[in-house]
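Colleague: Sequence and predicted structure, then a few things I'm wondering about:
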Amino acid sequence: MRYARVGHSGPVIAVQHVPVLPSGTADCPYGYTNADDIVSLMEEHAIALAVAGHYHAGTPLIHHGKCAYLVVKALCESPFTFTVITIDDHEVTAVDEHTLDREIPSRSPGAYGTVDQDGEVSTSDAEASDP
């Protein structure tokens with residue numbers, strides 16, 4: 001983290017899969033055994049925001065010292081939530097959740113679904129193309 005700050009005066013955002021949260025600030029079953037050490041380093045180096053996933057329910061934005069912490073909700077399951085975070089001058093000023101609000105049709109094994117940039121859902125059945 002100390003290297004992320006070298007020569008950079010703007011906000012630094014840490015993104016990781018497993019949540020990093022200050023002890024006792026959220027009811028999240030996942031984290032690092034050395035989370036307190038990581039949080040201390042984030043505070044020391046004025047990391048503006050730590051964003052994580054893994055915990056599909058997510059957490060609210062947590063402000064702790066000089067840093068904010070957020071576990072975003074899962075995009076991989078209904079209601080397909082994604083998060084837009086606004087940062088102004090080293091501070092998180094807005095966290096807006098949006099959903100694709102689409103249902104992916106039932107599919108057989110070997111099928112997959114995609115959602116395009118306009119939110120249109122399509123499915124493809126790999127087995128259907130076999131001769």
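Modeller: The structure has been received and is ready for your questions.
Colleague: would you list every one of the strands in this protein?
Modeller: 13-16, 49-52, 62-64, 67-71, 81-88, 91-99, 111-115, 121-125 (DSSP state E).
Colleague: any chance of the ones you listed in CSV, plus mean pLDDT?
Modeller: Formatted as CSV, the entries for the strands of the chain read as follows, by pLDDT from 0 to 100:
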stretch, mean pLDDT
strand 13-16, 94
strand 49-52, 96
strand 62-64, 94
strand 67-71, 96
strand 81-88, 92
strand 91-99, 92
strand 111-115, 62
strand 121-125, 63
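Colleague: if you compare those, which one is most tucked away?
Modeller: The highest mean neighbour count among these, using mean count of other Cβ atoms under 10 Å, belongs to strand 67-71: a mean of 24. Any C-beta I mention is one placed from the backbone N, CA and C, and that applies to glycine too.
Colleague: Kindly calculate the angle that that one makes with strand 81-88.
Modeller: Taking axes from the mean of the first three to the mean of the last three Cα atoms, to 10 degrees, one finds that strand 67-71 is oriented at 170 degrees with respect to strand 81-88.
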